[in-house]
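Peer 1: Fold the following.
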Amino acid sequence: MTLNTLKNAILEACLNLWHYTAPNNAQVPYAVWAEDQRFDFEANGKHAEHAWQGTLDYFTRTENDLEVQNIEEALDSIPIGWRLNSIQYEEDTGVIHYEWVWNLYGTNDLE
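Peer 2: Below is the predicted model of the structure:
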């Protein structure tokens, strides 16, 4: 499993996707994903396997946005752990912000 596998699965559900941060002119709806931590499995003094934890944030102005279901189906389509961490309404922008936390085991390859 690679980080690229995760990125490609999310792209199937949400075409407006950025890594780490969206550009200032990004139009809602869009998503941003990022790796937050890495907990490696070590064996014989070597990093035998990577264990990544990160977040996926989706921003929309649509109540009950169907993209949320599409994103969760995309996350279910690959062998990772994930949970919906929060749903927030951002009053200053009028945006609904969904945040998922995901866990991936494998390599750090983005290619």
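Peer 1: helices or strands up against the strand ranked longest in the chain?
Peer 2: Assignment by DSSP state E gives strand 46-60 as the longest strand of the chain. Counting contacts by 3 or more Cβ pairs under 8 Å, 6 or more residues apart in numbering; DSSP states H and E, strand 46-60 is packed against strand 30-38, strand 41-43, helix 66-76, strand 95-106. Any C-beta I mention is one placed from the backbone N, CA and C, and that applies to glycine too.
Peer 1: Among those, show the one with the smallest mean pLDDT.
Peer 2: With a mean of 80, strand 41-43 has the lowest mean pLDDT of the helices and strands packed on strand 46-60.
Peer 1: Can you list the strands that that strand pairs with?
Peer 2: Applying DSSP bridges, strand 41-43 is found paired with strand 46-60 (antiparallel).
Peer 1: The strand it pairs with vs helix 66-76, what angle?
Peer 2: 170 degrees (axes from the mean of the first three to the mean of the last three Cα atoms, to 10 degrees).
Peer 1: mean confidence score for strand 46-60?
Peer 2: 90.
Peer 1: buried stuff in the longest strand of the chain?
Peer 2: 50, 52, 54, 56-60 (16 or more other Cβ atoms under 10 Å).
Peer 1: what's the answer for stretch 94-111, then?
Peer 2: 95-96, 98, 100, 102, 104, 106.
Peer 1: now do stretch 78-95
Peer 2: By 16+ other Cβ under 10 Å, the buried positions in stretch 78-95 come out as 80, 82, 95.
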